[in-house]
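J.: next comes the sequence, and after it the predicted model I'd like to discuss.
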Amino acid sequence: QIQLVESGGGLVQPGGSLRLTCTASGRTFSSYAMGWFRQAPGKEREFVAAISASGHSTYYGDDLEGRFTISRDNAKNTVYLEMKDLNRADTAVYSCAGVIIQYSLALHDYEYDTWGRGTQVTVSS
């Protein structure tokens, strides 16, 4: 089983951009469908984006496509989340997750069996 570590979070002004990185240990990363989720204080965990094991398929949470882009580099065991035009509602802890699925996506948190610890993103002036 892989282990996941997120990085790239921080404080950004409204309208700014960030790129989050999720780095996996282990040699089976290319078999994992990956996802990003976020959780703001006092709110439920929210689906952000998912990408298939090959990287050929992606899917985004409501109203996030266009501002957020998920991608992966299997040679580097990494998955990325590019975020632009950030606003205060994007403030949350962002976590990446993985599950072994071939040729499909996982869109719900209960489908994932491997999680990182998260990275804080704060959008504030």
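T.: Cool, the structure landed. Keep in mind the model is a prediction, meaning the values are calculated, not measured. Residues are numbered from 1 along each chain as shown.
J.: verify the contact between residue 48 and residue 60 for me.
T.: Yes. Using C-beta atoms under 8 Å, residue 48 is in contact with residue 60, at 7.3 Å. Any C-beta I mention is one placed from the backbone N, CA and C, and that applies to glycine too.
J.: between these two, which is the more surrounded one?
T.: residue 48 (22 against 18; other C-beta atoms under 10 Å).
J.: where does the more buried one sit: helix, strand or coil?
T.: Taken by DSSP: H, G, I helix; E, B strand; the rest coil, the conformation at residue 48 corresponds to strand.
J.: leaving out the residues flanking it, which one is nearest to it?
T.: In space, and not counting its chain neighbours, residue 48 is closest to residue 36: 4.2 Å by C-beta to C-beta, 6 or more residues apart in numbering.
J.: list phi and psi for the one you found.
T.: For residue 36, the backbone dihedrals are phi -120, psi 140 (criterion: degrees, to the nearest 10).
J.: isn't it right up against residue 21?
T.: No. Taking C-beta under 8 Å as the definition, residue 36 is not a contact partner of residue 21, at 10.9 Å.
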